[in-house]
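Visitor: below is the structure, and that's it, no one-letter string:
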């Protein structure tokens, strides 16, 4: 194993002390916590055991806070949850630039390889960067877990969901329902087409999420199969205070191999995704546009299936430096996503925590799709790769109908960098 010099963090609880505090904790000390939802002592102990196992046998060589105050612990790549204790080849990122569509998102957001010693500092003076050969892993605390009834609720796409997406039936509810599986609302465009991934640049906003809501997000979905055999790879930004403990929009990834039932989880919180990039904080806060009338912040997101390896994620570029990591093909067994997806989907989603009366918050910027540039949220330069590997502009010929809360308005720009694009979102409300 390579040698990684350990750096004691400034102003943060060291990783070993965090584990001792977790091990010694009791549910009683959280009994007056305003957001505690844990079901009881057994569920609490399960949460403790998860944190201790999730952090077992790792060498934390550096820690820092992100812009929202979340702590990231930097561990050797081979010690992340998906690789720890396994003899497994770590695949090498590839440059996808030559496979792109003409007119894709501009290059203004491409990251440069970062040097640890020149990285930006957090508020305590710690470099906000993982040393070479390590990846930053978000520190999950008991304070995060006790906002959920049990550990499984924490791992699900949203808490207590029997099925966490209406995509399981390829339909989307248009009215409030007492069935809590239907407390999702969408403004999305989708296309039933065999594919091995796709691309868009999505604007980043910070919609507020109140105590009667669960999350608001913008994302890509790549899915295959249906019913109990639904499989997905998902990526985007998400305002989900209950999960992250912060109000900021956070980069998230999610996968399921069995319609959100037993497998799958967010980010690096369970084995699944293999991260190879030291520069990206999965689960970390992203810069958000905070006012109308200014050019939005963007995330350029690319997902691409490399046969024999997995579903790769690229962020803010298509060269090898932009490769974040991959979901290994083995996760999907003999399911559809082991060879290709059969649907692409892009847009926004909100979840209410209180159906049937509902309380759906702002989606995107909170502006209507028709408000357009510098007001409404958008995806632009939306394309996909078909199963032959050819790139195609998405048609997104299926979309959610207009609702009292959210709208969707698409188009095609043949002369600039937008290509297939759409605006989406709205203010939310109680009658969506």
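Guide: Received it, and whenever you're ready, just let me know what you need. What you see is a predicted model; the values in this text were computed from it and never measured. Numbers count the residues shown, from 1 in each chain.

Visitor: C-alpha from now on. contacts and neighbour counts both.
Guide: Noted.

Visitor: pretty sure residue 347 contacts residue 189?
Guide: Yes. Under the contact definition of Cα atoms under 8 Å, residue 347 touches residue 189, with a separation of 6.4 Å.

Visitor: neighbour-wise, which of the two wins?
Guide: residue 347 (28 against 24; other Cα atoms under 10 Å).

Visitor: just the element for the more buried one, please.
Guide: Residue 347 is part of strand 341-352 when elements are defined by DSSP states H and E.

Visitor: next SSE downstream of that strand?
Guide: Counting by DSSP H and E, the next helix or strand C-terminal to strand 341-352 is strand 377-386.

Visitor: please enumerate residues in contact with that next one?
Guide: Contacts with strand 377-386, where a contact means Cα atoms under 8 Å, 6 or more residues apart in numbering, come from 101, 103-105, 193-205, 304, 344, 346-347, 364-365, 367, 369, 391-394, 417-425.

Visitor: so it versus strand 341-352, what angle?
Guide: 160 degrees (axes from the mean of the first three to the mean of the last three Cα atoms, to 10 degrees).

Visitor: partner strands of strand 377-386, with direction?
Guide: Taking DSSP bridges as the criterion, strand 377-386 sits next to strand 184-204 (antiparallel), strand 391-393 (antiparallel), strand 419-425 (antiparallel) in its sheet.

Visitor: name the next helix or strand following the longest one along the chain.
Guide: Looking back up the chat, that one is strand 184-204. Toward the C-terminal end, the helix or strand that comes next after strand 184-204 (DSSP H and E) is strand 213-224.

Visitor: before we move on, the earlier item: average pLDDT for the strand holding residue 347?
Guide: Strand 341-352 carries an average pLDDT of 96.

Visitor: what do you get for stretch 380-395?
Guide: If you average the pLDDT values across stretch 380-395, you get 96.

Visitor: ends of that stretch, what's the gap?
Guide: End-to-end distance of stretch 380-395: 12 Å, with Cα to Cα, to the nearest Å as the criterion.

Visitor: list the buried residues for it?
Guide: Within stretch 380-395, the residues that qualify as buried by neighbour count (16 or more other Cα atoms under 10 Å) are 380-387, 391-395.

Visitor: what does stretch 210-226 give?
Guide: Buried residues in stretch 210-226, defined by neighbour count with 16+ other Cα under 10 Å: 210, 213-226.

Visitor: and for residue 68, the neighbour number?
Guide: Burial of residue 68 is recorded as 18 neighbouring residues (other Cα under 10 Å).

Visitor: from what I see, it and residue 248 are in contact.
Guide: Yes. Using Cα under 8 Å, residue 68 makes contact with residue 248 at a distance of 6.7 Å.

Visitor: find the residues that touch each one of these two.
Guide: Contact with both residue 68 and residue 248 is made by residues residue 285, according to Cα under 8 Å, 6+ apart.

Visitor: about what we covered before: let's see the PyMOL selection covering just the buried ones among the contacts of strand 377-386.
Guide: To isolate the buried subset of those in PyMOL, counting by 16+ other Cα under 10 Å, use the following:
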select buried, resi 101+104+105+193+194+195+196+197+198+199+200+201+202+203+204+205+304+344+346+347+364+365+367+369+391+392+393+394+418+419+420+421+422+423+424+425
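
Visitor: helices of the stretch 1-150 of the chain, residue ranges please.
Guide: Applying DSSP state H, counting those that start in this stretch to the stretch 1-150 of the chain gives helices spanning 15-24, 41-54, 142-145.

Visitor: the ones you listed: which one's closest to residue 231?
Guide: Proximity to residue 231 (Cα to Cα) singles out helix 41-54 among the helices of the stretch 1-150 of the chain, at 24.6 Å.

Visitor: avg pLDDT for that closest one?
Guide: When pLDDT is averaged along helix 41-54, the result is 97.

Visitor: which residues are in contact with that helix?
Guide: Under Cα under 8 Å, 6+ apart, the answer for helix 41-54 is 19, 22-23, 26-27, 38, 81, 140-142, 145-146, 149-151, 269-270.

Visitor: quick one, phi psi at the closest residue to residue 11 other than its chain neighbours?
Guide: With sequence-adjacent residues excluded and distances taken as Cα to Cα, 6 or more residues apart in numbering, residue 11 is closest to residue 124, at 5.5 Å. The phi and psi values for residue 124, taken as degrees, to the nearest 10, are phi -100, psi -10.

Visitor: how much space between residue 235 and residue 50?
Guide: For residue 235, the distance to residue 50 equals 24 Å [Cα to Cα].

Visitor: those two: which has the busier surroundings?
Guide: The neighbour count for residue 235 versus residue 50, taken as other Cα under 10 Å, is higher for residue 235 (22 against 17).

Visitor: the more buried one reaches residue 217, doesn't it?
Guide: No. Using Cα under 8 Å, residue 235 makes no contact with residue 217, being 9.9 Å away.

Visitor: quick one on the thing from earlier: packing partners for the strand holding residue 347?
Guide: strand 184-204, strand 213-224, strand 377-386, strand 419-425 (3 or more Cα pairs under 8 Å, 6 or more residues apart in numbering; DSSP states H and E).

Visitor: out of these, which is closest to residue 401?
Guide: Using Cα to Cα as the measure, strand 184-204 is the one of those that comes nearest residue 401, at 8.0 Å.
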